[in-house]
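Asks: Provide a 3D model corresponding to the input given below.
(chains A, B and C)
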Amino acid sequence: MNPDDLKYTKQHEWIGAEDGVYTVGITAYAAEQLGDVTYVELPDVGLEIAQGAEVATIESVKAASEIYAPVSGRVGAVNTALEDEPGLVNESPYEKGWLLKLDNVDPSQMDSLMDAPGYGRFLEEHAE
Amino acid sequence: MSYVPTTAVEIDEMLAKIGVASIDDLFACIPDEIRLRSWDIPPGVSEMAVRKLMAEIAGKNDVSLVSFLGGGYYDHYIPAAVDQVSSRSEFLTPYTPYQAECAQGTLQSIYEYQSAICRLTEMDVANASLYDGGTALFEAATMSVRLTGRARVVCHPSVNPVHRDMLKAHVGNADIEIDYGDSPAQAACVIVQNPGFLGTIRDFSDLADRCHEEGALLVESFYPISLGLLKSPGEMGADIAVADGQSLGLPLAFGGPYLGIMAVRKRHMRKMPGRIAAATQDSRGNRGFVLTLQTREQHIRREKAASNICSNEAQCALRALVYLCMLGKEGLRDVAVHCHSKAEYLKSRLPFAEILNDGPTFNEFALRLPRNASEVTEAMVASGFCAGLPLAAVGAGGPDDLLVAVTERRTKEEMDEFARALEDAACN
Amino acid sequence: MQLIFDKSRPGRRAASFDALDVPEHMPPPEFCRSRPPQLPEVSELDVVRHFSALAHRNFCLDSHPFPLGSCTMKYNPKIGDAVTSHPGFTDIHPHLSSVSAYLPLCQGALELVYETERLLAEIGGLRQVALQPMAGAHGELTGILMMAAYHSHKGNEKDTIVIPDSAHGTNCASAAMAGYKTIEIPSGEDGSIHVDAFKSVLNDSVAGVMLTCPNTHGLFEPAVRELADLAHEVDALMYCDGANLNAIIGQCRLGDMGFDVVHFNLHKTFATPHGMGGPGSGPVGVGERLEPFLPGPRVVKGPEGYHLDMPEKSVGRIAAFFGNFLVAVRAYAYIRHLGDQGLRQISRHAVLNANYVYARLKDVYEPAFASQVMHECVFTAAPLAEKHGVRALDIAKALMDYGFHAPTIYFPLTVKESLMIEPTETESKETLDAFCDAMIDIAATAATDPAILHEAPATMPVGRLDEVRAARELDCVC
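Replies: Down below sits the predicted model:
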């Protein structure tokens, strides 16, 4: 359900690491809660961001959700496909619906995040 | 008489269903010590008596004078259809169109209003209305602050002093600095008005370019009737256009309700406050209209909302739409031509006064009289004229300065008589 | 249905003017627009037919009940339309009040402002009222600006406003607009604010507390006086959102509960028309602490009549003049028409009607709070959603087919799938019964045939509209 090779935050963001590049998105649960995504506001490339700081906003018809950086780093790339197809976040939250990529990340910050089973348990306890 | 239809028999039936003995029991939750004992509210009177009372109060206002009073709010002719159409029950008594399927009349009229405003201003997108011109100006300033991340807004001398005061009051102690002048350096925006408060027409295209070079926005406050003739905010390069829509079919009504107009460039749309209607379809392919971008608004975003605005001036926006449709392309141009031509004529009949404007004017101009303007206006009242706005009264000029406005309602005879009376009052 | 722009025909014209009686003059060409505004060219009949057709696509209070919680959609008396059409009210220029020579020309208008403010102050138990705010949210902002001025003058360093989780979104947005942080205080299980929870968020950095009383759960805040005392101990000011005044008008007064500042909603409690979303009017009333900071100019009664005064410590010009004057004219006429007894009857019957609806529906819909209600009652459709997949939204859409506008849905945020019903005092028992019958029928349909509800409304000019498409395409202009 929730891919095993990713880590998760309590704000329902996921983060995956590959060769020093960290990709961030929102989980299937979050996408479902939001409903059909209508717009994604992404940061500028080059922005330095601290762990836990607001980095993006996802809008649906009924809500606007802030996205928080799971780790500190520098924004290396943003998913420009979302400008024309914001619905990718709903269709493919873990792949085509990725939000941004970070570099300059301290890998040890990943340790404080949940793994897939941990996130699964978190959802069971807290989901409505 | 409180429009309560419920009879004594029905009250008993309802109390029985609820399971209490009297209505008083339903107020048991109110502590005794704060119960109202008595208040100084007069007994109610019949509708007949209310009508008489209100007519008496209205009768203490004198609307018989021939008026040359402007200062941002103008005595234009309102076609009969504007009143008739917009005061229909179906437009006067519904709620905000949150349940779109039973409010398509409202929503389509908002869409048409937004479109009419964009065509008038040559901007990309308009909202469904704000409270009035002054609060629209404030919302434009805070929108510029949000867009640029800069905390300084610059207010050009052309801006109506009433709007300038409202801007100051709304900013209060918040982290926004208001400067006066026209320098866009390090500013979120420069706010200008065209025609200016004294009536002078300007072209702010150069200033728009300078603003953009400095990373600032140009906010232009405009006079809707003047756009029948004058260069639009869109053509000048403004980023945000705001106005008070009173001149578009709204009575002067001692200050309200009026209409806050706001139109912006497409790229700024998501930071624009207020409601917006959009076209869409239902499942059968029928076109319909809904409120959109509501996630910017207070009922979803709460403290992160673009603004706190909830109620707006929807009914007034409808009046403006009907007015613009009644006048149409040619009609609005005609009103503007009449206003401007008559004002130029009147100017030519006042050689005894100095014109203070440093450029061409639209339908309003500032005079320096040979005598104190307050004394002159008092004498003019006795002659049956409301001569204009003494500028000292609003802190916008010297003791002898008078702001005179002319609309399409003023006839040549009235203006000739006015010129004679003014010369008499000011020179003799 | 076509847009008015589609009906445009080159050369058609509705309004026209007399021939120009002075020489025609044009501004210098460099200041003129390049092309005329592309407004529709239509005849007066075109305009009238078009807007008639639009009118037929609207539910309105004159034709359908609108039991919207927190909105107080009560009947708008026609006497209001009659009195506001008087040229003595419609044709007076606001700047007449700015000039001493013109003051004699607008004494009636100034009297109306003065008297309306006085009556509202008396109704609210307050020292003074200012008519300037043009809507409830504008009143909230004004109230918070006054609080900020109060603290600034005292040299207090306070940066927070306390707001209940059940509050209307405008409360939070207004606080933020004025530069304050907000702390949310959770409602207790019974739907009210508890003293312990309140104490835990109250400290020296709290500038003010914004409450609604009765609150948005429809309940009178039982601890309100104690909360006010506690707030005043740390020099925090108490604000009351007067949206729910219909429940208590004439029974008790907000000023007597310890509130320092209050706003009224003339378009709610005082029966002025909602006009598709406005104009409203949100006059603000204050107690002693905030009196010096009222917005201006203020109408003052002197031996020679009414004139204006700008209070020394005023927060300034919140409105250009006196706010939405014609709305105040309607409200004043309403207050004088109803008078002492009539105003008291409002709350008695508003509360009776809401309790009757509650009694009829509480065994069919799950009440959000198991206690007596005031002028509105809150239910949750969550059980229906769980069992049959029928949500508050579906119920709202289905009600249209029964001839009712929906109640308020998804507010307050503290209740899942909430349905907030405020019948108001002007609806008859048979209308209340018809509404309850419709609601009961819908609940039954949820169990047997939920598809009907998912596809509702079936009898409106359009079916459910694609809001996602609207938000993605943003077709807002033609």
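Asks: for the record, mean pLDDT for the longest helix along chain A?
Replies: Scanning chain A for the helix with the most residues, using DSSP state H, yields helix A:116-126. Averaged across helix A:116-126, the pLDDT comes to 89.
Asks: how about that helix: buried residues?
Replies: For helix A:116-126, burial by neighbour count (16 or more other C-beta atoms under 10 Å in any protein chain shown) applies to A:Ala116, A:Tyr119, A:Phe122, A:Leu123. C-beta: built from backbone N, CA, C; applies to glycine.
Asks: Tell me how far that helix lies from the chain's centre.
Replies: Relative to the chain's own centre, helix A:116-126 is displaced by 16 Å; criterion: C-alpha atoms, centre = their mean, to the nearest Å.
Asks: That helix and chain C in contact?
Replies: No: legend: contact between helix A:116-126 and chain C by C-beta under 8 Å from any C-beta of the partner chain is lacking; minimum distance shown is 15.0 Å.
Asks: residues in contact with that helix?
Replies: A:Met1, A:Asn2, A:Pro3, A:Asp4, A:Leu6, A:Tyr8, A:Lys10, A:Thr27, A:Tyr29, A:Met114 (C-beta atoms under 8 Å, 6 or more residues apart in numbering or on different chains).
Asks: same check, this time on stretch A:30-42
Replies: Against stretch A:30-42 from outside (C-beta under 8 Å, 6+ apart): A:12-13, A:26, A:56-63, A:65, A:78-79, A:82-83, A:86-87, A:89-90, A:93, A:97, A:99-100, B:270, C:468, C:471-472.
Asks: Mind jotting down where the helices sit in chain A?
Replies: According to DSSP H, chain A carries its helices in the segments A:28-34, A:88-91, A:116-126.
Asks: and those helices as JSON lines, adding distance to C:Glu44?
Replies: What follows is those, written out as JSON lines (distance: least, C-beta to C-beta, whole Å):
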{"stretch": "helix A:28-34", "distance to C:Glu44": "48"}
{"stretch": "helix A:88-91", "distance to C:Glu44": "49"}
{"stretch": "helix A:116-126", "distance to C:Glu44": "62"}
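Asks: quick one, which of these is nearest to A:Leu47?
Replies: Of all the helices of chain A, helix A:88-91 sits nearest to A:Leu47, with 20.1 Å by C-beta to C-beta.
Asks: Which positions within that closest one qualify as buried?
Replies: Residues of helix A:88-91 classed as buried by neighbour count (16+ other C-beta under 10 Å): A:Leu88, A:Val89, A:Asn90.
Asks: Now do C:Pro297: how many residues are near it, please.
Replies: Using other C-beta atoms under 10 Å in any protein chain shown, C:Pro297 is surrounded by 19 other residues.
Asks: From A:Ser65, how far out is the closest residue to chain C within chain A?
Replies: The minimum distance from chain A to chain C, using C-beta to the nearest C-beta, falls at A:Thr38 (3.6 Å). Going from A:Thr38 to A:Ser65 by C-beta to C-beta, to the nearest Å gives 12 Å.
Asks: try C:Ser428
Replies: Using C-beta to C-beta, C:Ser428 is found at 44 Å from A:Ser65.
Asks: and if you look at B:Asp12?
Replies: 52 Å.
Asks: more crowded one of these two?
Replies: Applying other C-beta under 10 Å to B:Asp12 and A:Ser65 shows that A:Ser65 carries more neighbours, namely 19 against 11.
Asks: I'd guessed the more buried one sits against A:Glu54; true?
Replies: No: with contact defined as C-beta atoms under 8 Å, A:Ser65 and A:Glu54 do not form a contacting pair (10.4 Å).
Asks: that older thread, which one of the buried residues of helix A:88-91 sits closest to chain B?
Replies: Lowest distance from chain B to these (C-beta to the nearest C-beta) belongs to A:Val89, with 14.7 Å.
Asks: Please name the residues that touch B:Gly228.
Replies: Neighbours of B:Gly228 in contact, by C-beta under 8 Å, 6+ apart: B:Leu332, B:Arg333, B:Asp334, B:Val335, B:Ala336, B:Val337, C:Pro36, C:Pro37.
Asks: part of a strand, is C:Asn246?
Replies: No: according to DSSP: H, G, I helix; E, B strand; the rest coil, C:Asn246 belongs to no strand; its state is helix.
Asks: Let me know the pLDDT of B:Arg270.
Replies: 86.
Asks: count of neighbours near C:Glu183?
Replies: That one is not Glu; residue C:183 is Ile. So C:Ile183, with other C-beta under 10 Å, has 17 neighbours.
Asks: Looking at stretch C:179-196 now, give me its mean pLDDT.
Replies: The average pLDDT within stretch C:179-196 is 88.
Asks: and the end-to-end length of that stretch?
Replies: End-to-end distance of stretch C:179-196 (C-alpha to C-alpha, to the nearest Å): 27 Å.
Asks: what sits up against that stretch?
Replies: By C-beta under 8 Å, 6+ apart, stretch C:179-196 touches B:172-175, B:303, C:144, C:148, C:159-166, C:172, C:175-176, C:197-198, C:201, C:206-207, C:211, C:215, C:217-219, C:221-223, C:226-227, C:230, C:368-369, C:371, C:414.
Asks: Among those, name the buried ones.
Replies: Burial by neighbour count, judged by 16+ other C-beta under 10 Å, picks out B:172, B:174, B:303, C:144, C:148, C:160-164, C:166, C:172, C:175-176, C:198, C:206-207, C:211, C:215, C:217-219, C:221-223, C:227, C:230, C:368-369, C:414 from the contacts of stretch C:179-196.
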